[in-house]
Structure formats: structure tokens, C-alpha cells
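# Provide a 3D model corresponding to the input given below.
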Amino acid sequence: MDISKLEGDLVSEIKLEPLQAKVYLLVNCSGKMSPDIMAEKLGISTKSALDAAQKLMDLGAFIDMPGNEFEAMHPRFTAVNMYRRYCIQHDIKFKQNKIVDNIGAALESAYDVARTGS
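Reported below is the predicted structural model:
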């Protein structure tokens, strides 16, 4: 899995900000975490991590967990749903996007491993 390509696809196709893409990929591939841990792992401020996580929650990519943690929704659904929201917001006809579909497919295994350990 080429994380930098996935990050670029999230930015170019779904129009996430680069930091949002990094936070999304981190939580998707590592499991739920607090903004403090996100900040530490990405070398950013806790406020930047929290802002990105809250925006991803608004986009339907994350859910808010107890203890100030965020968890990613399943990537197969999340990528397409974020793309659908982008299309609706910008009055673009929603249609299948293979790049977006491939984001979900590429992340599915890492998502499962981070949550089940296998």
C-alpha cells in the first residue's frame, strides 16, 4: 500500500486538506486515538489534530468516541461517502469514481488489522 499515493488521491479526488488526509490515514491504519496521540505521531499541534479530526467527523469519516478519541468508519464506505458529500456540496453529478473506490479497497486490510490484530 502506497500511503503517499492514497494521501494524494484523498486530496485530489475528495478534496481533503493534506493534514486531514494524513490524520484520516493514520487513524484508519492504526485504530482509534486521541488528538494528542495523532499530534505526536504526525509532529503537529494537538489543536491541528483536533481540528482535522473534527472536520473528518463532519465529513462522515470519523466517529467521536468516549475519552476524546476518534475512530475511522470503514474505508469502503467512508471514501465513497466523502466523495458523494463533496459532489453534493459542489453541485457535481455523483458517479462512480474508480480512484475513490480504490482508496477504500486499499485501506480495508489495514483497517481490519488495526482493529482485530490479524
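
# if I look at I103, how far off is A110?
To A110, I103 is 12 Å away according to Cβ to Cβ, to the nearest Å. C-betas here are computed from N, CA, C, even on glycine.

# what sits in contact with each of these two?
Residues touching both I103 and A110 by Cβ atoms under 8 Å, 6 or more residues apart in numbering: none at all.

# Tell me which residue is most central in this protein.
For the chain, Y24 is the residue whose C-alpha lies nearest the centre (Cα atoms, centre = their mean; 2.8 Å).

# Wait, it touches L56, no?
Yes - because the distance of 5.6 Å satisfies Cβ atoms under 8 Å, Y24 is recorded as touching L56.

# Identify the contacts common to the two.
Here Y24 and L56 have L16, F62 as joint contacts, going by Cβ under 8 Å, 6+ apart.

# So which elements touch the one helix or strand A79 maps to?
A79 belongs to helix 75-89 when assigned by DSSP states H and E. Secondary-structure packing of helix 75-89 (3 or more Cβ pairs under 8 Å, 6 or more residues apart in numbering; DSSP states H and E): helix 98-116.
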